[in-house]
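Enquirer: Sequence unavailable; structure follows:
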């Protein structure tokens, strides 16, 4: 009985998936009913995840660990799913008959990512990663504009299959070097064999699967096409929840190496620098706002890598904090996009013209989220970058931090282009006022408050992140 209590969050989302599987198999089509049902289930999921945050234990022959580190990320995933469903009341990018399928895949993908952050066996990690990935491939292809959605889904699938094959080969190399597949065994064996080339190569190839999820160079090529081709709500989910799971498992895997290998550190530093630079430079020339945010995601993957490659408690804690910051910042930006493009179309940056008159609240939320993404104080994005850079400075990575700060300055240009469109440009034709429902107004206000308050008073969140890291390092 104790085992099932420990597994309560995952079991709940499994049952939610079954419920929507049953709904998807019926002939009736009631999108509004599906939406309210999904919203209620997602809100209950947040409550269940919060109540289970202090649970801990090993289950399923020790291939599954429940601890504070994994539970913190499960709460973030539950909140991420709830937020995404909150903006699905007008799901025009998906055909009505597929709405139940859409929610089914969201719950299944969230379940898979929850299992990913608790998996303690290389094969269970691989299976959980594949389950989440295949759910996303189908979600992308569900877009009403079939040619666009299918093309993006196929590109996503092809890059994902390649990354999956590389990861599986890396797992084979790791096993041949360590003779271990359990994470608890790798923790003891891996630091002692990190000087062997086969170990470093195996670990890097294994990490490729997580680089793909996080959109780290060179596994980022899918991001702009998938962000642009998927329905707006699907893109929001990929940009938020899936990145939280990727940061969790990447942090756990890098923590296995102890103080790490210089070869591994050099590779991670190189990938971080290239991701930041390529992401920011490519974002400058984008006109479609979802493509711009895709390249922004690549740049942020480079920033969060700085914390992870620091390989100390402060670095891992900064990565956890940055995961929460990305969740809030990116979701707020996509909330504005979805409300402006309420018919499900893609939105260009220039089409934000006059937003400050059409909806002052959405314009303010966009401004705060953009400031936060750019790392301007006193927002949560500034605090996240500060923690990441401070952790790297503790390890003496001054040059890396300097390059990162130069990239932050570069990113200011395209972020300010968004604000210029929203506040300074006038639309070619008079646009009607945007109708925002009271619940969405409350949600928008809450997100703005979180981005500002967590940036000014991050103490409790940092303490929680440090407590989760202590559990990670001890285990």
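Expert: Okay, I see it. Since we're looking at a predicted model, the values are computed, not measured.

Enquirer: Identify the residue spatially nearest to residue 267, adjacent ones excluded.
Expert: Nearest residue to residue 267, sequence neighbours excluded (C-beta to C-beta, 6 or more residues apart in numbering): residue 204, at 6.0 Å. From N, CA and C alone the C-beta is placed, and that goes for glycine too.

Enquirer: how much space between the one you found and residue 193?
Expert: 14 Å (C-beta to C-beta, to the nearest Å).

Enquirer: got it, and residue 393?
Expert: In terms of C-beta to C-beta, residue 393 sits 30 Å off from residue 193.

Enquirer: do the same with residue 356
Expert: Counting by C-beta to C-beta - residue 356 and residue 193 are separated by 58 Å.

Enquirer: What of residue 263?
Expert: From residue 263 to residue 193 the distance is 13 Å (C-beta to C-beta).

Enquirer: list the buried ones in stretch 384-402?
Expert: Across stretch 384-402, burial judged by 16 or more other C-beta atoms under 10 Å covers 384-389, 391-392, 395, 397, 400-401.

Enquirer: I'd like the secondary structure assignment at residue 219, please.
Expert: coil (DSSP: H, G, I helix; E, B strand; the rest coil).

Enquirer: So what does it look like in phi/psi?
Expert: phi -100, psi 30 (degrees, to the nearest 10).

Enquirer: hang on, it packs against residue 208?
Expert: Yes - here residue 219 reaches residue 208: they are 6.5 Å apart, a contact under C-beta atoms under 8 Å.

Enquirer: what do these two both touch?
Expert: residue 163 (C-beta atoms under 8 Å, 6 or more residues apart in numbering).

Enquirer: neighbour count winner among the two?
Expert: residue 219 (24 against 20; other C-beta atoms under 10 Å).

Enquirer: For the closest residue to the more buried one other than its chain neighbours, list the residues it contacts.
Expert: With sequence-adjacent residues excluded and distances taken as C-beta to C-beta, 6+ apart, residue 219 is closest to residue 212, at 4.1 Å. Counting by C-beta under 8 Å, 6+ apart, residue 212 makes contact with 159-160, 163-164, 219, 222.

Enquirer: Low-confidence ranges, the stretch 51-200 of the chain, go.
Expert: Scanning the stretch 51-200 of the chain for pLDDT under 70 picks out 145-146.

Enquirer: For it, which segments count as helices?
Expert: 68-86, 99-118, 122-141, 146-178, 183-189, 197-214 (DSSP state H, counting those that start in this stretch).

Enquirer: which other residues reach the following helix or strand past the last one?
Expert: So that's helix 197-214. Per DSSP states H and E, helix 197-214 leads on to helix 222-229 as the next helix or strand towards the C-terminus. Helix 222-229 is touched from outside by 140, 143, 148-149, 151-153, 155-156, 159-160, 212, 215, 235, 238-239, 282, 286, 288, 290-291, 293-295, 297-298, 346, with contacts defined as C-beta under 8 Å, 6+ apart.

Enquirer: Show me where the stretch 201-350 of the chain dips below the pLDDT cut-off.
Expert: Using pLDDT under 70, the stretch 201-350 of the chain drops low at 258-261.

Enquirer: Check the stretch 351-475 of the chain too.
Expert: Those would be 475, if you go by pLDDT under 70 across the stretch 351-475 of the chain.

Enquirer: which residues in it form strands?
Expert: In the stretch 351-475 of the chain, no strands are defined using DSSP state E, counting those that start in this stretch.

Enquirer: show me where it has helices.
Expert: Counting by DSSP H, counting those that start in this stretch, the helices of the stretch 351-475 of the chain are 355-358, 360-374, 380-394, 398-423, 438-456, 459-474.
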